[in-house]
Structures are given as C-alpha cells and as structure tokens.
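**Student:** Got a sequence here, can you build the structure:
(chains A, B, C and D)
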Number of protein chains: 2
Amino acid sequence: MNLKEFANRLELSQTTVSRALSGYPEVKQATRERVLKAALEYGYRPNTSALGLATGRVGAIGIVLKGGGEFGPHTSEFMGGLGGRLQQEEIDILVSTVDSPEAELATYRRLAASKRVDAIILHSPFLDDPRIALLNSLRLPFIVHGRTNSDGNFGWLDIDNFGAVRQSTSHLLDLGHRRIALLNGYRGRIFAEHRQDGYQTALSARGVTIDPDLCGHGEFTDEMGFP
Amino acid sequence: MNLKEFANRLELSQTTVSRALSGYPEVKQATRERVLKAALEYGYRPNTSALGLATGRVGAIGIVLKGGGEFGPHTSEFMGGLGGRLQQEEIDILVSTVDSPEAELATYRRLAASKRVDAIILHSPFLDDPRIALLNSLRLPFIVHGRTNSDGNFGWLDIDNFGAVRQSTSHLLDLGHRRIALLNGYRGRIFAEHRQDGYQTALSARGVTIDPDLCGHGEFTDEMGFP
DNA sequence: CTGAAAGCGCTTACAG
DNA sequence: CTGAAAGCGCTTACAG
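**Tutor:** Numbering: from 1, shown residues only, chains lettered A, B, ... in the order given. I've put the predicted structure just below:
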C-alpha cells in the first residue's frame, strides 16, 4: 500500500498523513492518532526509495568488510552492538565486502555516487589512512572505529589500548612475573602501537628490560598463540 | 552529478544515456562507448533511490541477525562468501539485527512494507519455521540457508549434515574407537537432528549402543566442549 | 537510433 | 490545522 491509497482510506490528503507520520507539530492531535493507528493496522510504511529521493536520507549506514582476516569475531561483535542501537531508529547496516584495498576505495566511490548510505563506519584504520582523505573528498559522512594519525576533522571512537595493556602488564608485574609476552596485532595498526607503548611503559616503570622475542605481531588467531 | 547534468555534458537526452548505461540494444555502439567512458570519467552513477523508485529493484538483499549466539563465525563466513558473489553485481547486503523472534518477524514486515530489499536470506531455520509462512505472505522473495520441514515452494541450500557426521563417525569407528561423543547444536534445529541421525546411523551399523551421555546439545562455543 | 514526457511514491514550500 | 502541486532522479512506453 502506498501513501495515496492509505490517505484515501483515511479521507485525508497525502500531505496531512505524511506530516502526521513524520511527527510534524502542525497536525491536530486527534488526526495524528487516527493516522498512527491506521498505519499500524494496515501496516503502511513509506517506501524507502521514495523517501530517500525526497529527503536525501536513506536510513542506512555502510560498513565495508574485507573478505579476509578483518572479518573476525570483533567485527561481528561490533556490528551486533551497532545494529542494536540503529534498530531503535529503524536504520539498517549496509554491508559491502571487498577483497583488496583498491576495491574498498572503489566501493566508497560507488556508495557515494549512488547515494546508497547516509554515512560510513570506517574500521581498523591505519596510522595514515588513505580512506579518510577519500571519504572527506567524497563528502560522505563517516566515523572511525579505532584511532589513526590521519589529518582532518573527523569523529572516532576507540578503547584505551594504551591504558588497558599498561594496566594488565602492571598487574602481572605486581604478581611477581617478569617474563611477560605480548601477543599483538600487526605492526602499523595504531591499536597495536598503543598496546606496545602500554606494555613498554609498564615494564620500564619497573626497570624490566624488554625482550623483543616476547613480542609477537600478527593475526588474532589461536594459531598465533603458539610461537 | 545527476543524470540530467551528465546527459547535458554529453549533449544527449537522458533517455539515451540511461539506455546506454543499462545496456539496452537500441543504442548506437559509438554512442554507448562514449557514454560509458564519460560515466567512468565523471564517476556518474544512477541514484539508487531514484532507480529503486523507477524500477522496483533496490540492489540489496536482506539478512536478519539475532544479537545473541547466531552471530558467530559461521555467519561471518557465510556473509563473506555471499558478499563476494554479490559484489560482482554491485548488490549489497542489508543487515538488520534483532534481539527476539518477534522483533525478527516485525523486521521482515518493515523491510517488505518499505521495499527496502529485493530479497531475503533466511538462515538457521527451525524444523517448522514461522518465518517462512510470513515471508511467503509478504511476497518477499527469499532463500533458506539450511533445511527445514516447513511447507511451501521455496529454494534452500545446505550442506549434507547427515552424510558428514555419519562418515566422520564411521571413520572413528574404523580407527577402533567406541566411545564417540557428539557435540551437537540445539535440539529442534534441523541440522542438529540430521547430525544426530548420521551419528546414530553410523553407530547402529556397527552395533554400537548409543550412550545419551555422550551427546551434547548447545551453543558452538569452546565452553560447551567441557562437560 | 534518439528524445519528450509520464510516472514511480514520497516530502515540503506555498497558499489558505 | 489542512491540501494542491512541484520536485527529488531515474526508467520506459510512445512517437518519430
């Protein structure tokens, strides 16, 4: 059912129905309630494409997943949390998978040109990340999950990698341990650098010399745990 | 850049440009090449919302993820494979997360009414799955990942759970083992039933009595491996 | 082989 | 407080 038909049934104009549904203030309370009730009853919902065309908002935020290793449990968990919140606003997550950095950039171009999403979540950033410059130039709103050294005025969110590892390392030192290994992510990832810093800071504070052999870098897999 | 502006630059009508881009046969070869080249150069792509409104196709297929346990590595892997194939057609995956079966049904209603996706991937079906009847009644095209006993004429894809477990059980029997445990999924899940059947078939074929204590049902987590 | 124009289903100034 | 109508950016009969 479309707006025209729905409005006809209510014997109201499309204008008034649209305004009632969108919460505009100039609709009479009684009218609004009648419309809201009928929408539930008939299951009417505005067509997303039409809405997107008229307003410029499509109600979806994009996330690009790399086919390979990035697609781990962290991504799942993050998407679960993100989706839970977005659900409240009836916003969905648009996932595009790619198999190379070039394909990822091409995907951002495609998403921007076709106006497929309202914003992007950029995750697992590099110290200096070309994706940020691209997104900026495309004027595609985005937020970064993780930290980076890239320039520009953009929002990001991250956990305190430095603090977490410094604190846990200190804790082990408190317990009397001295040979403490750090299983870290790939070098170049900023979170890995921060963890390394936290680790070194804690060790240095106690005068423990760092043994490079105890610092591993790589994928976060069970296998990587076995040197 | 929109079609109007793009067509103006080429000094062609929107009609011809649209047809050239969509691969309609009635466009002169030279014209088509000129359009295709310019599209790449200017980065023109049709607005998805407009395209969806005009054609009824939105270029996205939906998948609903339950916030809890379903969101494991299997889902990630499946989405990775799915996305890789869809990428070739520039189709994206629209993910909605829910936290209850009711919310999942409500989401299908929302996706259908707002015409947000072209089709749905239904995963982890139950023996008798109410989602299938709903999707049918909503006339939302879908395919089932996994098997079910539900009625109706619909497509599904699955691995041979019965054969896989029968064969691996037989293999262990061949090696001389007799106390073989089966760490299975939840009862009621059809894949779990099939695996159970495969297990029992293999054991019965050798006259080995089944010990219910060796059959675990639950989440596929490390913790579940410890009785 | 090409183009003018209607139509897809909404929103939102503008008018009352 | 309500409505008629233009406009969002495409596709596609229809006409030539």
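
**Student:** Tell me who's in contact with A:Pro46.
**Tutor:** By Cβ atoms under 8 Å, 6 or more residues apart in numbering or on different chains, the contact set of A:Pro46 is A:Leu3, A:Ser18, A:Leu21, B:Ser114. All C-beta spots, glycine's among them, are computed from the backbone N, C-alpha and C.

**Student:** for A:Gly81, same thing?
**Tutor:** Shown in contact with A:Gly81 (Cβ under 8 Å, 6+ apart): no residues.

**Student:** Can you report phi and psi for it?
**Tutor:** phi -70, psi -40 (degrees, to the nearest 10).

**Student:** now it: how far from A:His145?
**Tutor:** Distance of A:Gly81 to A:His145, given as Cβ to Cβ, to the nearest Å: 11 Å.

**Student:** what does A:Leu82 give?
**Tutor:** Taken as Cβ to Cβ, the span from A:Leu82 to A:His145 is 9 Å.

**Student:** anything in contact with each of the two?
**Tutor:** Residues within reach of A:Leu82 and of A:His145 at once, by Cβ under 8 Å, 6+ apart, are A:Ile121.

**Student:** got the contact list for the spatially most central residue of chain A?
**Tutor:** Geometric centre of chain A, nearest residue: A:Ile121, 3.7 Å, by Cα atoms, centre = their mean. Contacts for A:Ile121 were tallied using Cβ under 8 Å, 6+ apart; they are A:Ile61, A:Gly62, A:Ile63, A:Leu82, A:Phe142, A:Ile143, A:His145.

**Student:** which secondary element of chain A has the worst mean pLDDT?
**Tutor:** Taking mean pLDDT, DSSP states H and E as the measure, helix A:73-87 is the helix or strand of chain A with the lowest mean score, a mean of 83.

**Student:** Run the chain-centre distance for that helix.
**Tutor:** Computed by Cα atoms, centre = their mean, to the nearest Å, the chain-centroid distance of helix A:73-87 equals 8 Å.

**Student:** Keep only those of the contacts of A:Ile121 that are in strands.
**Tutor:** Cross-referencing the contacts of A:Ile121 against strands under DSSP state E gives A:Ile61, A:Gly62, A:Ile63, A:Phe142, A:Ile143, A:His145.

**Student:** Quickly list what the first one is bridged to.
**Tutor:** Same thing as A:Ile61. With DSSP bridges as the criterion, A:Ile61 is bridged to A:Ile93, A:Ala119.

**Student:** wait, it sits on A:Leu86?
**Tutor:** Yes - between A:Ile61 and A:Leu86 there is a contact at 6.9 Å, judged by Cβ atoms under 8 Å.

**Student:** where does chain A come near DNA strand C, residue by residue?
**Tutor:** By Cβ under 7 Å from any atom of the strand, the residues of chain A that approach DNA strand C are A:2-4, A:14-15, A:18-19, A:21-22, A:46-47, A:50-51, A:53-55.

**Student:** which regions of chain A lie under the pLDDT threshold?
**Tutor:** Within chain A, the segments meeting pLDDT under 70 span A:68-73, A:227.

**Student:** ok, which stretches of it are helices?
**Tutor:** Secondary structure of chain A (DSSP state H): helices at A:3-10, A:14-22, A:29-42, A:48-55, A:73-87, A:101-113, A:130-138, A:161-174, A:190-205.

**Student:** got a markdown table for those helices, with distance to DNA strand D too?
**Tutor:** Output for the helices of chain A, formatted as a markdown table (distance: least, Cβ to the nearest atom of the strand, whole Å):
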| stretch | distance to DNA strand D |
| --- | --- |
| helix A:3-10 | 8 |
| helix A:14-22 | 3 |
| helix A:29-42 | 4 |
| helix A:48-55 | 4 |
| helix A:73-87 | 24 |
| helix A:101-113 | 8 |
| helix A:130-138 | 15 |
| helix A:161-174 | 42 |
| helix A:190-205 | 37 |
